[in-house]
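A.B. asks: Give me coordinates for this.
(chains A and B)
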Protein chains: 2
Amino acid sequence: MAASSTANASGAITGLAVSSRSSPSASHADRLAVPASAAGLALGARSLVASSSSLRFHQHGLPRIAARRAIAVKAAAVETLQTAAAEALVEKSINTIRFLAIDAVEKANSGHPGLPMGCAPIGHILYDEVMRYNPKNPYWFNRDRFVLSAGHGCMLQYALLHLAGYDSVKIEDIQQFRQWGSRTPGHPENFETPGIEVTTGPLGQGVANAVGLALAERHLAARFNKPDNEIVDHYTYVILGDGCQMEGIANEACSLAGHWGLGKLIAFYDDNHISIDGNTEIAFTEDVSARFEALGWHTIWVKNGNTGYDDLRAAIKEAKAVKDKPTLIKVTTTIGFGSPNKANSYSVHGSALGAKEVDATRLNLGWPYEPFHVPEEVKNHWSHHIPEGSALEAKWNAKFAEYEKKYTDEAAELKSIISGELPAGWEKALPTYTTESPADATRNLSQQNLNALAKVLPGLLGGSADLASSNMTLLKMFGDFQKGTPEERNVRFGVREHGMGAICNGIALHSPGLIPYCATFFVFTDYMRAAMRISALSETGVIYVMTHDSIGLGEDGPTHQPIEHLISFRAMPNILMLRPADGNETAGAYKVAVLNKKRPSVLALSRQKLAQLAGTSIEGVEKGGYVISDNSSGNKPDLILIGTGSELEIAAKAADELRKEGKTVRVVSLVCWELFDEQTVEYKESVFPSNVTARISIEAGATLGWEKYVGSKGKAIGIDRFGASAPAGRIYKEFGITAENIIAAAKSL
Amino acid sequence: MAASSTANASGAITGLAVSSRSSPSASHADRLAVPASAAGLALGARSLVASSSSLRFHQHGLPRIAARRAIAVKAAAVETLQTAAAEALVEKSINTIRFLAIDAVEKANSGHPGLPMGCAPIGHILYDEVMRYNPKNPYWFNRDRFVLSAGHGCMLQYALLHLAGYDSVKIEDIQQFRQWGSRTPGHPENFETPGIEVTTGPLGQGVANAVGLALAERHLAARFNKPDNEIVDHYTYVILGDGCQMEGIANEACSLAGHWGLGKLIAFYDDNHISIDGNTEIAFTEDVSARFEALGWHTIWVKNGNTGYDDLRAAIKEAKAVKDKPTLIKVTTTIGFGSPNKANSYSVHGSALGAKEVDATRLNLGWPYEPFHVPEEVKNHWSHHIPEGSALEAKWNAKFAEYEKKYTDEAAELKSIISGELPAGWEKALPTYTTESPADATRNLSQQNLNALAKVLPGLLGGSADLASSNMTLLKMFGDFQKGTPEERNVRFGVREHGMGAICNGIALHSPGLIPYCATFFVFTDYMRAAMRISALSETGVIYVMTHDSIGLGEDGPTHQPIEHLISFRAMPNILMLRPADGNETAGAYKVAVLNKKRPSVLALSRQKLAQLAGTSIEGVEKGGYVISDNSSGNKPDLILIGTGSELEIAAKAADELRKEGKTVRVVSLVCWELFDEQTVEYKESVFPSNVTARISIEAGATLGWEKYVGSKGKAIGIDRFGASAPAGRIYKEFGITAENIIAAAKSL
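C.D. replies: Numbers count the residues shown, from 1 in each chain, chains lettered A, B, ... in the order given. Just a heads-up that it's a prediction; the model follows:
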C-alpha cells in the first residue's frame, strides 16, 4: 500500500507542475507572482521569492523523496520553469485559503477573516509541506497535532482541512459556516469537526492545550520508544495571536513547556499588531520574544510572514533542530493581508469585509473566481495528501506490528492508551471500606484510590498546582515527570491552576486512554474555571481532584473556603460534581470519573477526617443519590434528611437522634446531582417520594439550588455568607452546620 | 502639631541610642551582632554589616532630618558606638518580627512562619525606614500603600502593624491569630484589619491589586497635582513570592504596569526557592528578572536578603530613582531564616515550627524572651511612628488647605474622591426612557449610562479587556489612560481579564470615591472569577460590565455563550448580579451599582436589541424584583410570568397573548435576586403571593436555582446544555426560549 501510494503521490506532483504550466489559469499564476501592492498595505520588501524549497519539508513521507529524485534529473531550464510554477501554485493555494475564509465570513456575515488572510502562508506550509496526518483517519495516533489557539480564525483550519481532504469539511460545510447544525461552528470544536484537535476561542487555552499535547507525546515516547523502534514520534504545532499572548494562562503553560524542555512543540506567534480594540500599542508593548527566552524557549523571528515562505520554512527547520527547548517563531504578518482598505486594521479582525471590499481584495490578489471556488490545480495539488496520509498510517501500523512482536507488554499498554479501552476488571482495584475502617479525610481516601488505580490504568497521570502534599495526589510508585524523566507520571504544575487545567485538556484529547487528573484547593477552581468549562464542552474526561472543599479547612479563612462552588459546577453543563462522604463514596466517585470519558468530573474532598458511614456504596454513587439509612416502611418516612460529603455524617447523626424520639427518618446521600437527575422517574420517586415534603438538606455551601430537592416546604441548611478564619469545629458551630440545627429544623417543619 | 511631634520623634531616637547602650539588654544586642550560624542555614557571606544608613531613607519626615542633624554633631567615637547600637537595634527589631510570627503560628498551631522569618528585614526596612503612613489614621489618603501578595505570610504584616502602633493589631490580637472573631485572620483581610490595604491569600491577586493602587496614584497625581503643589504623591510597595510569580494573573498585571510605566510601584520578589511542594526547581526554572525586563520593568537583585540590609536600602533608593518604570527587586532570602533545622525547606512554609524547633530557633537567634514579648528598646524605637505619622498627615492637611484655596474646583473633585461622598443629585444624570424610545441593546444603553455618569462622578474610570467596542465601554469625553496621558479615564486592559479584575480591586480600595468599572463578554468572567470573588469578599464597589450575556450573541457559539454564569454569581456572597431588560432597568442597575460601594455589581447586558418595555423603572430595579404588568386584582393572578434581561420582553409578549385568552397574568422582572431577597416579607408577598403557585420563569441560562421562585409546582424555562453557533434568533427558537413555549407551559400548569 505504501508503495502504490508513493507512485500516486509522485505522479500527482509531476502532473501538477505540468498542468500549471499549460493550464489556462497559468496567466493568473503569473499575475500572482507580482501582486498589486495596494496603498496602505505593509507587504514588506519582498513580494514573492521563487524557490525550490517548497518541497524541502517533506521529510517524513517516502513519496516526497521519490518526487524530489524525479525532479532532480530534469534539465536545468525545465527545472527553473517548474520551480516558478511550483511557487505560483503555492501562492495560489495560499490565496485559496484566504478566499475560502473571506467568502465564508461574507456569506455568514459574521466571523473573523483577518487572521486566516494573514496566516494563510503558515497554514499552507504546515498542512501542505510539513505536517504528517491522514485525512481519512483524523484520529490516527501518531499524527502531528495542530492547534489554532487564536480560535476565532477558524476559517483557516476549515479551509486547510477541506483542501487536505478531510471528510468533515466539504465545501458545503464551509458554505454553512456559523449556521445551525453545521460542522463549521464559529470557533473550532473538536466534538463537532473531526480534524480539529481541541476546542478553542477563549484566548490562551489553545496554546496551553498544545503544551498538554506535547507533554503527552514526550511522556509516551519516553515510556514506549525503543532504540530500534520509535513508535511515538510527532510534533505539536500551534498558532497563537496577540490576544493569546496577553492572557496569563499562556504564560503559565509556556513557563512549564520551557521547564519541561518540550522540544517538539513549535508555536507560531502571529505578530500582527492588531487586536479588537486597535493597535496593540495601546495595551501590549512588552518584548514577547525576550519573555519566551526567559521562559526557556528557543525563539526565531520571521520578519516577513506575508510572503517570506522560505523564511518560514527555514524557521521550522531550525525549530526542529532544537531538541531540548520548545520554539516560538514570531511571525510578523499583516492582518487581513490582501484587503486594500482594511488590511492592518482592527476592522478586518472580526467582521465580514463587505461586498465592496471583497471585490477590491479579489482584484488586488488577482482572484477572478466565484465565491468558494477552489481552482483545479490547487485541488490536484492537495490531492496527494489522501494517499500520502494513508501510506503514513500504513507504515506506522507496520512499525507497530513489529513493536508488538518484540515488546508485547508495552504494546498492550500502549494499545490501551491509544484505544481508550479500559483493562478488564480494572474496577476491582478500587479500595473498599467498612464502618470499622478508620475515619479519614476524603483527600486521603482519594490518594488511596489514585494509587490503586495507577497500577491498573496505564493512562492515569497528573498532579497538583503546588499542593501535592495537601491535595494528596502523589502516585507513590512513580517519580516526577521532568525534563530528564519524562516517563514518570507525577506532574508538577507549580502554582498555575489555569494552565494546569488546559494542559490536562490537551493530555486528555491526545489519546482516548490518557486519563489526566489535576488538583488544587476547591476554591481555586475560580482560577481555572475557563479551562474546566472547556473540559466540559469539549468532552474530555479530566478528573479534577479538589480538596479543602468547605469551611472545614478552618484557619485559612474565607479566601480559601468555597461557598458557591458546588452549585456553580452543578449548573455547568456536561460536568459531574461529586462530593463523596467517606471511603466507599470516594471509590465510587473515582469509578464514575474513570468511566465518564466524555464528561469531566470534579471531586470535592475534605481536609478533615470523616467517619466511614453505614450504608454508603460505590453503586449508590453511580446513581448520584441514594438512601443510606431509613427506619420507615412503605416509602413514607416522616422526614428525609439529605446530605453530601462531610455533612452526610451530620445528617446521619441527626437521624439517629430523631429516630430515638420515635420519628421515621430517611437519610439520603446526594453525592452527584447530575447522575441522580439521569435516573428513572421511578427510582427518583423511591428516593424522594413526592408526598413526603418534610425534607431538610445540609451542606456546608450555598443553599441556592437546594430548593430543587427540598421543595417549597422543606428547608436547606447551608452557608450564604463568606467563611471565617478559625478552627473548623468552631466555624461549623457558629454557622449552624450541626446535628442540633437539623433537629431544630425538623421540629419546625 | 508638626513641630511638637518633631521634638518627640527626635527625642525618642536620641533616647533610644542611649538606652540601648546602657540598658541590661545591651548584652543581647551584642550577642545578636554575630548570631550563631547554625548548620544548614544559608546565611550568606556577611552576618551583620554595621552601617549608618539605616536612617538614610527618612526622606519625607522633617523629624528625621532634625534627628540626623543632631546626631551629626556628635563626636566620631560616640557615633561609631551609636551606629553599632543602631544596627543591633535593627537586628533586634527584625527578630522581634520573626518571633511574633513564630509565636503566633505556634500558639494557633496553624499558619505560615517561613515567609515572615525570611522577609522580616524587608518588612522592617519598609515600615521603619521607608514608608510614610499614620498609624492612627490607616485611611490617610496620601499614605504609602503596602501589599503582601504572598498573603499566607500575614504574620509579617500583623507584626509590622503592631510595632508601628496601629490600634487594629494589639498584642492580644496577635495572640488570637487565626481564631474566631479575631482581627488577625489566616490571610490578610482589609475589611477586618485597618492597615491592611487589600485582601490577599489567593496567589497573584496582591501584586495585581498593587498595580491598581499604583495606577490610581498615577492617575490622581496627573489629574490633580500642580507645579506648586504635588498633593498626590505616594509609593506602592508589594512583596510577592514564587507562588505569585507562577500565577498568570501576575504576568498580566505586571505586563500592564510595565506598559503604563508605573514608576512608583516597587515590588520585592521574595526569591526563596521554596514553595509548598518543595524546591522551586521542580516546576519553576524560568528567569524571572529577565521576564520582568521583557515586560518593561527595571530590575535589581539583592543577593543577600537575609542580612544585606544596606543592599536592600540601596535597592529601594535605586528603584525610586527610576521614575518611568516599575521596579522588581529580586531579594534572595532563606525561608524560615533562623530555624536551625527547618530553614530553607518546605516544612517551614505552612506549619508551626513545633515547640522543640521554636526553642532551637530562640537559641540560634539569641532570643531569650517569652513568647509574644516585644523588647522595650524595640518598642521605644518604633514609638516614633505615631507622632511622625501624625505630623505627616498634618503637614499634608496643611498642603491640602493651600491647594483648596488656590484650586477650588479641583479640590472639590479630589475631596469627593477621597471621601467617597457622591456629588449631590448625581443620580439625576441617569438617562430615562419611554416605550417610544428606540429598541436598543442593553450594552449600548450601558454606554449611555457610563457616559452620563462620568460627567458627574469624578471617580468613575475603567475599560475593557480588548473589547471596548463590543462591550461599549468607552467614555467619549475622555482619552486613554496611557503612560503619556495618565490623567485620562479610559483604561485599556488588553486581553487580560483576570489582571483587569484585580487591578480594579486595587483602584477601588485606593480611595472610597474611585469607582472602577471593567468589561468583557459575560462568559469570560470565568477567566476573572477569582478576582471577582475577592471584590465581593473585600467589599469593593467594582462595576463589572458584562455584555454578550446569553445565546443571544449568536454565531460565536458555545465557547462564548454563558449558561451557568447567572446562577454562579447569584450564589456568590456579597455581589449583586443584575440583568436589566431595557433602558430604564439599565439606568436602575447603574444606580444600584454606584450606591453599593461595599458590594460589587455584575451587569449582564445583551448584544442584541431589546424593546423599551412598559412598566420598567429605576425604582423597580432597586427592589430587585417587581411587577411590570398585571391584569389581575386582589393579588391573585392566574399565572405569574417571571423574566430577566432579554427574556422579559418574551414574557411580556406571552402575557399579552394569554390575557387575550382571558387569563389574568402578572409579569415580574426579577432583575436582581439578591436585592429582592432583602425586601420585606410583605413586599415579597405582594410580588409572589404564596397562594399563586402557577409560575413560569424564562431566562436564557441554567434553570437550576429558579425553583426558589417558581416553586415545586411551577416551571422554569431555560437552557441546561451548552449553546450553539448560529444566528441568535435560530438558537432561541431551537432552544425553546420563546413566547410560544411559555404559552404551552402555562397551559400545562
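A.B. asks: switch to C-alpha atoms for all contacts and neighbour counts from now on
C.D. replies: Fine.
A.B. asks: For the longest helix along chain A, buried residues please.
C.D. replies: Criterion DSSP state H: the longest helix present in chain A is helix A:76-108. Using 16 or more other Cα atoms under 10 Å in any protein chain shown as the test for burial, helix A:76-108 gives A:79, A:82-108.
A.B. asks: Return the residues in contact with the residue nearest in space to the middle of chain A.
C.D. replies: Relative to the mean C-alpha position of chain A, the nearest C-alpha, by Cα atoms, centre = their mean, is the one of A:Asn505, at 3.7 Å. For A:Asn505, the contact set (Cα atoms under 8 Å, 6 or more residues apart in numbering or on different chains) comprises A:Asn209, A:Gly212, A:Ala531, A:Ile534, A:Ser535, A:Thr540, A:Val542.
A.B. asks: let's see 10 Å
C.D. replies: Contact analysis of A:Asn505 by Cα atoms under 10 Å, 6 or more residues apart in numbering or on different chains lists A:198-199, A:205-206, A:208-213, A:499, A:515-517, A:531-532, A:534-536, A:538-542, A:600.
A.B. asks: for the residue of chain A at minimum distance from chain B, what are its contacts?
C.D. replies: With Cα to the nearest Cα as the measure, A:Gly248 is the residue of chain A nearest to chain B, at 3.6 Å. Going by Cα under 10 Å, 6+ apart, A:Gly248 touches A:203-204, A:254, A:496, A:498-499, B:246-253, B:255, B:495-499, B:527.
A.B. asks: go again using 8 Å as the cut-off
C.D. replies: A:Gly204, B:Glu247, B:Gly248, B:Ile249, B:Ala250, B:Asn251, B:Glu252, B:Arg496, B:His498.
A.B. asks: Please apply the same query to A:Glu427.
C.D. replies: A:Lys591.
A.B. asks: ok, now the one 10 residues further on?
C.D. replies: With Cα under 8 Å, 6+ apart as the criterion, the residues that contact A:Ser437 are A:Gln612.
A.B. asks: I'd assumed it was in a helix, is it?
C.D. replies: No. A:Ser437 is assigned coil when assessed by DSSP: H, G, I helix; E, B strand; the rest coil, not a helix.
A.B. asks: Near chain B, which residues of the stretch 51-200 of chain A? Just list them.
C.D. replies: A:Ser110, A:Gly111, A:Arg178, A:Gln179, A:Trp180, A:Gly181, A:Pro185, A:Gly186, A:His187, A:Thr200 (Cα under 8 Å from any Cα of the partner chain).
A.B. asks: Compare these and tell me which is most surrounded.
C.D. replies: A:Gly186 (31 neighbours; other Cα atoms under 10 Å in any protein chain shown).
A.B. asks: Quick check on that residue: phi, psi?
C.D. replies: For A:Gly186, the backbone dihedrals (degrees, to the nearest 10) come out as phi -60, psi -20.
A.B. asks: my guess is it meets A:Arg178, correct?
C.D. replies: Yes. A:Gly186 is within contact range of A:Arg178, at 5.0 Å (criterion: Cα atoms under 8 Å).
A.B. asks: Please report how far A:Pro135 lies from A:Val523.
C.D. replies: A:Pro135 is 43 Å from A:Val523, where distance means Cα to Cα, to the nearest Å.
A.B. asks: Ok, A:Phe337 next?
C.D. replies: 45 Å.
A.B. asks: And A:Ser446, by the same measure?
C.D. replies: A:Ser446 is 18 Å from A:Val523, by Cα to Cα.
A.B. asks: Over to A:Lys713?
C.D. replies: Taking Cα to Cα, one finds A:Lys713 at 31 Å from A:Val523.
A.B. asks: The two: which is more packed in?
C.D. replies: The neighbour comparison of A:Lys713 against A:Val523 (other Cα under 10 Å) goes to A:Val523, with 25 against 14.
A.B. asks: ok so, going back, between the residues of the stretch 51-200 of chain A next to chain B, which sits nearest B:Gly643?
C.D. replies: A:Trp180 (25.7 Å; Cα to Cα).
A.B. asks: who touches the residue nearest to A:Gly714 when sequence neighbours are not counted in this structure?
C.D. replies: Computed as Cα to Cα, 6 or more residues apart in numbering or on different chains, the closest residue to A:Gly714 that is not its neighbour in sequence is A:Arg695, at 4.7 Å. Applying Cα under 8 Å, 6+ apart to A:Arg695 gives the contacts A:Leu639, A:Ile640, A:Leu641, A:Ile642, A:Val710, A:Gly711, A:Lys713, A:Gly714, A:Lys715.
A.B. asks: Narrow the residues you listed to those in helices?
C.D. replies: Going by DSSP H, the helices hold A:Val710 from those.
A.B. asks: tell me the two of the contacts of A:Arg695 that are most distant?
C.D. replies: Top of the distance list for the contacts of A:Arg695 (Cα to Cα): A:Ile642 and A:Lys713, 14.3 Å.
A.B. asks: model confidence over stretch A:305-315, on average?
C.D. replies: The average pLDDT within stretch A:305-315 is 98.
A.B. asks: for stretch A:540-551, same thing?
C.D. replies: 98.
A.B. asks: what does stretch A:121-130 give?
C.D. replies: Stretch A:121-130 comes out at a mean pLDDT of 98.
A.B. asks: now it: how far from the chain's centre is it?
C.D. replies: Per Cα atoms, centre = their mean, to the nearest Å, the displacement of stretch A:121-130 from the mean C-alpha position of its chain is 22 Å.
A.B. asks: what do you get for stretch A:621-634?
C.D. replies: Using Cα atoms, centre = their mean, the offset of stretch A:621-634 from its chain centre is 37 Å.
A.B. asks: What parts of the stretch 551-700 of chain A come near chain B?
C.D. replies: Looking at chain B, the residues of the stretch 551-700 of chain A close enough under Cα under 8 Å from any Cα are A:555-560, A:563-565, A:567-568, A:571-574.
A.B. asks: so of these, which ones are in helices?
C.D. replies: A:His565, A:Ile567, A:Ser568.
A.B. asks: Filter those down to the buried ones.
C.D. replies: Members of these classed as buried by 16+ other Cα under 10 Å are A:His565, A:Ile567, A:Ser568.
A.B. asks: can you pull the pLDDT of the last one?
C.D. replies: Spelled out, that is A:Ser568. A:Ser568 carries a pLDDT value of 98.
A.B. asks: tell me the contacts of the residue lying closest to it once chain neighbours are set aside?
C.D. replies: The spatially closest residue to A:Ser568, leaving aside those adjacent along the chain, is B:Ser568, at 4.6 Å (Cα to Cα, 6+ apart). B:Ser568 makes contacts with A:Glu564, A:His565, A:Ile567, A:Ser568, A:Ala571, as judged by Cα under 8 Å, 6+ apart.
A.B. asks: hang on, the earlier thing: what would the ones in helices among the residues of the stretch 551-700 of chain A next to chain B look like in TSV with distance to A:Ser632?
C.D. replies: Formatted as TSV, these follow (distance: Cα to Cα, whole Å):
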residue	distance to A:Ser632
A:His565	34
A:Ile567	30
A:Ser568	34
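A.B. asks: Thanks a lot, see you next time.
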